[in-house]
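Enquirer: What would the 3D arrangement of this be:
(chains A and B)
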Amino acid sequence: MRFGILVFPGTWSDTDCYHQVKTVLGQEADYVWHRQKSLAGYDCLIVPGGFSYGDYLRAGALARFAPVMEALAGFAERGGTVVGICNGFQVLCEAGLLPGALMRNAHLEYRCQWTNLRTERTDTPFTSRCRPAQALRIPVSHGEGNYYADEATLNRLEDNGQVLFRYCDDAGQANEAANPNGSARNIAGILNDKGNVLGMMPHPERSCEPLLGSEDGNLIFLSLIDHLA
Amino acid sequence: MPVSKEILDEIALSQAEYDMIVDRLDREPNSVELGMFGALWSEHCGYKHSRPLLRFFPSRSPRVLSQSGAENAGAVDIGDGLAVVFKVESHNHPSAVEPLQGAATGVGGIVRDILAMGARPIALLNSLRFGPPDSSHNRHLFQGVVEGISWYGNCIGVPDVAGEIYFDQSYSHNPLVNAMCVGLVSSDRLASAAAGRSGSVLLLVGADTGRDGIHGASGLASRTFEEEQELRPTVQVGNPFLEKVLIESCLEALETGFVTGIQDLGAAGLTSAAIESAYRGRRGIILDIAQVHRRESGMTGYEVMLSESQERMLLVTSPEHVADVRQVFDKWDVPCREIGHVIRDPQAHILDGDQGIAQLPIKHLTEAPRYRLKGQPSREQLERQQLNIKDISLPDPGVGDILLKLLASPNIASKRSVYRQYDHQVQTNTVAGPGGDAAVLRIKGTKKAVALTIDCNSRYCYLDPYRGGQIVVAEACRNLSCVGAEPLALTDCLNFGNPERPEIYYQLEWCVRGMARACRVLGVPVVSGNVSLYNESQGQAIYPTPIVGGLGLLEDVSQRTGSAFTEAGLTVFMLGQSNLQARSSDLAGSELQKEIYGMVSGRPAIDLALEQRVQVFCRRAIQQGIVASAHDCAEGGLAVALAESCIPNDVGFRAGRALSRLPSRWDCSYFGERQSRIVVSTRPEQAQQLRTLALEARVPLMELGSTGGSTFRLGGSADIPLTAIAEAWEGGLERALGGAAWTG
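Expert: Have a look, this model is predicted:
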C-alpha cells in the first residue's frame, strides 16, 4: 500500500515516518509537499510532527490553510484513512477534521518522554493488531498536547468510542500521574466520528525498532496495512 | 582622522592595533573599514591571544578529514563513506544579557557551522554553568537558558542528546552556555567554505538583515563588561522556524551539485563570512550591500556589514547555475539574493550601489595580530594547592547521610527535569539519550553507532590547570569508553577570564598543555574548537573551564553498555584501582570537599598511562560481551557511581567482603574523586574471565559486591532503601531550584 506523508515547512517527523513505513514496514511511501493539490493514489495519509510554519501563532493554525489541506479534507470525506501525529493532530483539530483542541501543556513545559498508551478499542483500522487494553510504549514530544474539549463533546467522544488511546501507568491505569500534559480524561489519541481519521500526540514512528526502546508503534501501521490490504 | 578612544573601545581595538592598521593600509581607515577590522581582529574571530596555544593540540589522525581551523567544523571519517562533523561553541555573554535568546541563538549558530560543512545536523549537546541556584538572578538565567535551548532546538528537529550542568559561585555573573552540534555527511560531499573561482556569484540566503547583534563579536564576546543591561541591543533574536527551512533548503541546494562554497553568517556577520570565504579561496570579493535584503530601512553600510542577524548563509555558485540554486530557495520561500562575486585580486571591495564604502586587502583583515602573553600563577593559585587529608578530621555525618546529601547536590542530582524539555529522539537514531555517560546514536544503513559526550570539571582546572586539563580530556574519553565506543576525536571550547591578566593566561596555557598531553597519550586529536575569553566581572574570573566534546565510534551498535545495573545477581567490580586506599589528591576539588568540608583546595592527580589501559580494557570487555554495565566514577566518587547505577532499573547493591570493614579514610575512599576508575557489573560466570583479562591488561580491579535487593548496602556503614536514594537524586535539582516537581 502507498502512504503519503505531508510536508509543511517546519515539519520534522516526515523523515521518521518515512523510515518507519518504508524501511521498517516495507511499504510504498512518498513525501507530499504542502502546495500539492492532488492526493490521488494514496491509501493512507500521514500528517507528521514538527512545527508547521513555525507554529508561532498557535500550533497548526497556519497549516490548515495550506493548499494540501483541502485535498486532505476531501480524501478523508471519501473515507480515506488519515493519521495525524503530534503537530499533525494539532493541524487536524485546527482544520476541523477532529473535535477539540490541543492546549499548552498544563505545566507549561515542553515534554519529551516515554508514555504508555492504553488501547481503548481494537476494532478500528488503526488498532486491529493490538490486544484489548494493551498498553503501548510510545513517546511524546510536545509543548501543546493538553487535549481539551467541552464536557458535552468529551462525553460524545466516549459514547461513540472515539477515544482510542489514553495515557496510562505501567499497570494500565489512566491516572493523573501517567498524564504527561494535563490532557482531559488522559486522552492521547482520538478518532473522528466516521472512524477513518486518527489524531494522536505520541509518536508511533519513534517506537518502530527494538534498538529505539520499543516497536509498539508498528502495531498502528500494521493494523492499517491489514485493513487496506 | 585621529580616532577617539570611545570608538576604539566600542570595537575592542587598542590604540596600538589602530596604529598597526594605519601602517598596513598606509592611510586612515574609514568607519566601515575600522568596524570590519574590529570584528575580524576580535578575540572571537581572530584568536589573537589564543592561537599560539591552540597549536599544542594534536589535530591529525588517519580519520581526520579536515584541517584544523581551515573550515567551520572538524570532520572525521567513520567508514562506510560517511563523515561526522562536529564543533562546540560558546554563547556566554549573550546568555548573560538575555538568557532565552542568548542560548537559543547559540544553538542556531552552531547548527549553521555544521550546515556549512554540507552535513545534516543529527545531534545537539550543551554544557551549562551557572551561579548557585539559591539566587533568584541565577535561577532566572538557568530557566531562560533551558527554555531557549528547548524552544530553538525542538523547533528545528535536531535531537538534544547529552549535556551537563554545574553550579558554582564563580559563574554567578558569567554563566556559560556552550552548544555543540554534530552532523553527518557523505565523505565525498563535504562542503567547503572557500570562495572558489573568480567570477563565482555570492548568494545571501535566509533572514533579512537587521540592526541586531552589531558588535556582538567585538563587544560581547571579546571583552569584559560590567553593565550587562546596556548591551541588551547587541543580543540577536532567533527564528528557529527559519533555521529549520534554511537547513532543508541549503541541503537541497547542495544536492544540486552547483554550490561550490557555503559559509554561515555568525559572529561579525557578513564581514566575517565574506572575508573568510575569500581568504580561504585566496581570492577577493566585490560586495554590493544595496542588494542585501533588510529588515528595516535606513541602515548604514556599517550596520549592514556588522549585523549579526541570525539564520543567514552565504553560498557560492557559478553564474550559469544561479537560477538552479535560486529555484531551491524559491521552493522553500527562503529569500535568496545575489550580493556580489568573487574576483582574482585578493581585495575586498564593498559597495553601496555605485558608491564604494570600503576597500581593503583581504590578508590585512584576516591576519590579526598575535600576542604571546606570559602567564604567571598567582600566589593564591599556589596556596590553594596545599592539602593534606591528615589535617582534616572525618566528618560527623555517616556514610549514608553524606551519600544522600551528595546525590541531592545540584551538580550531581539527576538533570532529567531539564533534558525532558529537550526533544532527544527526533530523527529516530537515539539508542541511548541523555542521562548516561555518553549518548549513543545509530547510523542508519550501517551496523555502526556514534557516541557523544560533553564534559569538564572546572574545579580541578582551577586547582591545577595542567592536571585539570588532562583530566577533562581523560574523562570525556572515559565517558565514551563506558558505552563501548572508541574515542575518535574531540572538540573544545576554552572558557576563561581575561587573558591579559598573567594568572588567567597561566590557567589558559597550562590547561591547554594538559589537554594536549592527554590527547597525545590517549591518541585523540582535537578537530575543532572555539575560545571564549574575558569571562569575568568585577575583577572576578570564572573557573578555567575548557569544555570538551567527544566523538566515539561503535563498530557494532549491539556491542554497547549502559551505566545502569540491569538485573540482580551481577558481580560488581571497580576498574582502575585494586584497593580503597585514600590520597589527598582524591579529595582535591571533589564534590565531597566542597559540599561537606566547604573547601576547594589541593591538587587532583591522574596517571594517563593507567587511564589509557583502563579505557582500552573497558572497551574490549564490552565488545567481548562480558560487561553488563559500565559507569564512570566522577563527581561524588565510588559511592555515588554505584548508587547512580542502581537507580534507573531499581536494582539494589550489596557490598561484598572487601567492603565489610569501613576504610580508615572512608570519606575519601567512598566519595573521593580519584581518576581512571569505572564501575562495571558482570554475570558471575564471567567474573573470572574479567579478572584474567584485567591481569593481562595490567588493569587493577577490585570486586565490590553484587547487585540485588531493594537497598544500597555499603558494608556495615550504610543500608539505605533505594527509594530514598532515588528520591534524593531525582528531586535534588528541583529542590535546589525551589520549584515543585511535576510528577508527570
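
Enquirer: need the contact list for the nearest residue to residue B:656 once chain neighbours are set aside.
Expert: In space, and not counting its chain neighbours, residue B:656 is closest to residue B:705: 3.9 Å by C-beta to C-beta, 6 or more residues apart in numbering or on different chains. Every residue, glycine included, has its C-beta placed from N, CA and C. Counting by C-beta atoms under 8 Å, 6 or more residues apart in numbering or on different chains, residue B:705 touches B:571-572, B:653-656, B:659, B:713.

Enquirer: and chain A, which of its residues are near chain B?
Expert: When proximity is defined by C-beta under 8 Å from any C-beta of the partner chain, chain A lies next to chain B at A:9-10, A:12-13, A:15-16, A:19-20, A:23, A:49-51, A:53-56, A:107, A:109-113, A:139, A:141, A:143, A:177, A:179-181, A:203, A:205-206, A:208-209, A:211-212.

Enquirer: before we move on, the earlier item: just give me the closest of the contacts of residue B:705 to chain A.
Expert: Distance ranking of these against chain A, using C-beta to the nearest C-beta, places residue B:653 first at 23.3 Å.

Enquirer: Touching, that closest one and residue B:712? I think so.
Expert: Yes. Between residue B:653 and residue B:712 a contact is recorded at 5.3 Å, counting by C-beta atoms under 8 Å.

Enquirer: residue furthest from the geometric center of chain A?
Expert: Most distant from the centre of chain A: residue A:171, at 23.3 Å, with distances by C-alpha atoms, centre = their mean.

Enquirer: measure that one to chain B for me?
Expert: Separation of residue A:171 from chain B (C-beta to the nearest C-beta, to the nearest Å) stands at 15 Å.

Enquirer: Assign a three-state SS to that residue, would you?
Expert: With DSSP: H, G, I helix; E, B strand; the rest coil as the basis, the three-state label of residue A:171 is coil.

Enquirer: Could I get the pLDDT score of it?
Expert: As predicted, residue A:171 sits at a pLDDT of 93.

Enquirer: how much space is there between it and residue A:118?
Expert: As defined by C-beta to C-beta, to the nearest Å, residue A:171 lies at a distance of 10 Å from residue A:118.

Enquirer: repeat for residue B:497
Expert: According to C-beta to C-beta, residue B:497 stands 55 Å off from residue A:118.

Enquirer: and what of residue A:151?
Expert: Distance, residue A:151 to residue A:118, using C-beta to C-beta: 21 Å.

Enquirer: what do you get for residue A:49?
Expert: Per C-beta to C-beta, residue A:49 is found 21 Å from residue A:118.

Enquirer: quick one: which of those two has more around it?
Expert: Using other C-beta atoms under 10 Å in any protein chain shown as the criterion, residue A:49 and residue A:118 rank with residue A:49 on top: 30 against 23.

Enquirer: ok, the more buried one touching residue A:84?
Expert: No. Using C-beta under 8 Å as the test, residue A:49 is too far from residue A:84 to be in contact (9.2 Å).

Enquirer: all helices in chain A, in order from the N-terminus.
Expert: Ranges of helices in chain A, per DSSP state H, are A:14-18, A:67-77, A:87-94, A:151-159, A:218-228.

Enquirer: Can I get the first one in CSV, CA atoms only?
Expert: Extracted as CSV, the C-alpha positions of helix A:14-18 are listed here (Å, rounded to 0.1, in the frame of the first residue of the first chain):
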residue,chain,number,x,y,z
ASP,A,14,8.3,13.4,8.0
THR,A,15,11.6,11.5,7.6
ASP,A,16,11.0,9.4,10.7
CYS,A,17,7.5,8.4,9.4
TYR,A,18,9.1,7.6,6.0
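
Enquirer: Average pLDDT for it, rounded please.
Expert: The pLDDT scores in helix A:14-18 average 98.

Enquirer: Which strands or helices does that helix pack on?
Expert: strand A:2-7, strand A:28-33 (3 or more C-beta pairs under 8 Å, 6 or more residues apart in numbering or on different chains; DSSP states H and E).

Enquirer: closest to residue B:600 out of those?
Expert: Among the helices and strands packed on helix A:14-18, strand A:2-7 comes nearest to residue B:600, with 53.0 Å by C-beta to C-beta.

Enquirer: Next, the distance between the ends of stretch B:676-693.
Expert: Length of stretch B:676-693, first residue to last, C-alpha to C-alpha, to the nearest Å: 17 Å.

Enquirer: So for it, what gets flagged as buried?
Expert: Residues of stretch B:676-693 classed as buried by neighbour count (16 or more other C-beta atoms under 10 Å in any protein chain shown): B:676-683, B:686-687, B:690, B:693.
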